[in-house]
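Visitor: 3D model of this:
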Amino acid sequence: MNEEPTDAERYPTLTEAGRAMLKHMSEHPSAPLFRNRSGNRLLSEEVEALRAYESDIATAPFTWSANHPPAWLEAFTAQLYAQVPFYREQESPASFRAISTVHRGDLAADIARFVPDSVPVERMINFRTTGTTGHPLVLPSHPVVAGRYLAYHKRALRRFGIEPGHGCGQMGVMLIGMQRKCFTYVSVTPTMDESGLAKINLHPDDWRNPADRARYIDAMQPEVIAGDPISFAALLELSLRHRPRALLSVSMALSPGLKAALLDRFGCPVLDVYSMNEAGPLGVYDPGLGGHLLLQPGMYVEILDAEGRELPKGQIGEITLTGGFNFCLPLLRYRTGDHGAIDNSDAGPIILELQGRRPVRFRTHRGGWINNIDLTHALAPLPLSRYSVHQSMNGEVTLRLASTEMGYAADAVARLSTALLGGSVSIAALDTEDKMLQYTTDLPGGLGT
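Guide: Down below sits the predicted model:
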């Protein structure tokens with residue numbers, strides 16, 4: 001059995017000021033019930049390297065454009081075929097376009113085969129993902145990889161004139177969720193002079209008093225609040241006095257209506273960031289460009305048709321990724337399941353008409369709403385390869401399972417019924433083997449504002 005890490009292991013560079021910040025966030029009278037412990041795990045030399053990395057990314061230009069691959073593509077591909085088990089087992093391709101694409105299911109089947117031999121396993125970390133589409137994933141990462149996210153979020157913020165400045169004794173970022181079960185913790189960011197970082201859950205069950213949610217946010221005064229559309233919809237319901245400098249919506253598509261409501265309420269930039277766990281922050285929506293401006297110069301984006309052929313700029317197809325900043329999981333022609341078109345702009349490549357994942361809420365038997373992620377948690381103990389859940393206009397819920405997994409139907413229906421606080425759940429066969437929308441609804445309000 002693995003021993004629980006010590007604070008020295010969680011925060012190798014922690015100072016007294018950082019320790020005081022952790023105490024302030026976790027022991028405030030209005031603090032939530034933090035259910036987990038985490039930390040940056042960054043060594044001093046890694047902190048300095050991340051500061052240099054952030055500086056480089058701030059002004060790094062794109063050396064590729066739509067339908068014109070980067071010069072580094074050939075060397076990157078050769079490196080992966082030499083160091084990554086999945087590719088080393090195959091013959092070297094005659095050209096980049098000859099490389100077979102991969103998708104989320106390939107990663108889910110055996111993620112270890114996609115980790116380069118050169119990655120030091122003793123400091124690797126992993127986390128499990130859930131979402132509205134695809135297969136559950138355990139993704140390999142590293143403390144430095146986690147630290148690199150900030151560089152791309154800062155690049156997005158600077159696009160809107162925001163230069164993050166909170167440091168010692170202040171909360172820099174608050175991450176918000178709205179789920180029955182949510183990973184929550186406090187930490188500090190060494191590259192920002194140990195500014196505070198907290199992940200909180202706005203679900204009332206995580207608080208001693210539901211009114212403490214607003215009190216805590218007002219007391220912490222985070223410079224930036226990040227979440228998904230479901231958690232931001234919950235944030236709008238709170239009586240907050242605090243006004244952050246920016247809101248970052250990640251993970252799911254942000255509807256124009258919800259964005260307008262957030263702008264009106266908080267009076268600060270609301271950034272719609274196209275992001276995924278497999279690749280990190282990919283783009284930020286820029287109204288002046290009419291699309292998502294890409295953020296990672298080291299990530300090449302192709303738009304492919306169903307047969308894997310590259311489509312010309314301006315034509316909608318599947319967003320496919322090569323490269324990335326996660327050296328534990330370099331991507332090579334990875335089909336995301338999201339769709340859009342690519343074009344060029346003076347600021348860099350942009351994705352137009354993004355058709356990504358949308359937040360889905362389900363109405364419970366008692367008339368409330370439940371996050372689709374809570375349904376994922378309910379079904380997680382069952383060994384299901386794929387499934388879909390749909391709620392019709394009359395509120396009835398249908399669970400579709402693969403025909404070979406109907407033996408789990410009774411258990412799955414019972415778990416869903418419990419999560420939805422009662423009501424009937426019908427069962428049907430899932431015919432497709434392709435990546436599908438896992439959660440869908442016909443109910444008004446089920447897809448947010």
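
Visitor: host element of the nearest residue to Tyr408 once chain neighbours are set aside?
Guide: Of all residues not flanking Tyr408 in the chain, Leu382 sits nearest, at 5.0 Å (C-beta to C-beta, 6 or more residues apart in numbering). From N, CA and C alone the C-beta is placed, and that goes for glycine too. Element membership for Leu382, per DSSP states H and E: none, as it lies in no helix or strand.

Visitor: can you list the domains in this protein?
Guide: What automatic domain parsing lists as the domains of the chain is 7-355, 361-441.

Visitor: returning to what we had before: now the residue nearest to Tyr408: how far from Arg366?
Guide: Per C-beta to C-beta, to the nearest Å, Leu382 is found 24 Å from Arg366.

Visitor: And these two? Which one has more around it.
Guide: With neighbours defined as other C-beta atoms under 10 Å, Leu382 and Arg366 compare such that Leu382 has more, 14 against 9.

Visitor: Check Pro120 and give its pLDDT.
Guide: We have a pLDDT of 88 for Pro120.

Visitor: scratch that, Leu254 is what I was asking about
Guide: 78.

Visitor: Kindly report the same for His203.
Guide: You'll see His203 listed with a pLDDT of 92.

Visitor: Burial check on it, number of neighbours?
Guide: Other residues lying near His203 total 20 when counted by other C-beta under 10 Å.

Visitor: give me every residue that touches it.
Guide: Contacts here follow C-beta atoms under 8 Å, 6 or more residues apart in numbering; on that basis His203 touches 177-180, 182.

Visitor: lowest-confidence stretch among the domains of the chain?
Guide: Of all the domains of the chain, domain 361-441 carries the lowest average pLDDT, namely a mean of 84.

Visitor: Make TSV from the domains of the chain and add distance to Leu447 to it.
Guide: Listed next are the domains of the chain as TSV, based on distance: least, C-beta to C-beta, whole Å:
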stretch	distance to Leu447
domain 7-355	7
domain 361-441	7
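
Visitor: Packed most tightly, which of those would that be?
Guide: Across these, averaging neighbours per residue (mean count of other C-beta atoms under 10 Å) puts domain 7-355 on top, at a mean of 18.

Visitor: What is the end-to-end distance of that one?
Guide: Taking C-alpha to C-alpha, to the nearest Å, the first and last residues of domain 7-355 lie 42 Å apart.

Visitor: Each with direction, which strands does the strand ranked longest in the chain pair with?
Guide: When the chain is parsed with DSSP state E, its longest strand is strand 331-343. According to DSSP bridges, strand 331-343 forms sheet pairs with strand 102-103 (parallel), strand 317-323 (antiparallel), strand 350-355 (antiparallel).

Visitor: how about TSV for the ones you listed, with distance to Asn126 added?
Guide: What follows is the strands paired with strand 331-343, written out as TSV (distance: least, C-beta to C-beta, whole Å):
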stretch	distance to Asn126
strand 102-103	19
strand 317-323	20
strand 350-355	28
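
Visitor: and the longest strand of the chain, how far out from the chain's middle?
Guide: A distance of 16 Å separates the centroid of the chain from that of strand 331-343, by C-alpha atoms, centre = their mean, to the nearest Å.

Visitor: which residues sit in contact with Asp218?
Guide: 240-242.

Visitor: Can you list phi and psi of it for me?
Guide: The phi/psi pair for Asp218 (degrees, to the nearest 10) reads phi -60, psi -40.

Visitor: And it, how far from His166?
Guide: 16 Å.

Visitor: who's Val102 bridged to?
Guide: Beta-bridge partners, per DSSP bridges, of Val102: Tyr334.

Visitor: doesn't Tyr334 make contact with it?
Guide: Yes. Assessed by C-beta atoms under 8 Å, Val102 is found in contact with Tyr334 at 5.6 Å.

Visitor: Pull the number of nearby residues for Thr6.
Guide: 9.

Visitor: Which residues lie in contact with the residue nearest to Gly308 when sequence neighbours are not counted in this structure?
Guide: In space, Gly308 comes closest to Thr101 once its chain neighbours are excluded; the distance is 5.3 Å by C-beta to C-beta, 6+ apart. Thr101 makes contacts with 304, 308, 320, 333-335, as judged by C-beta under 8 Å, 6+ apart.

Visitor: Repeat that for Glu278.
Guide: So Glu278 contacts 104, 107, 129, 137, 139, 321, 329, 331, 334, 336 (C-beta under 8 Å, 6+ apart).
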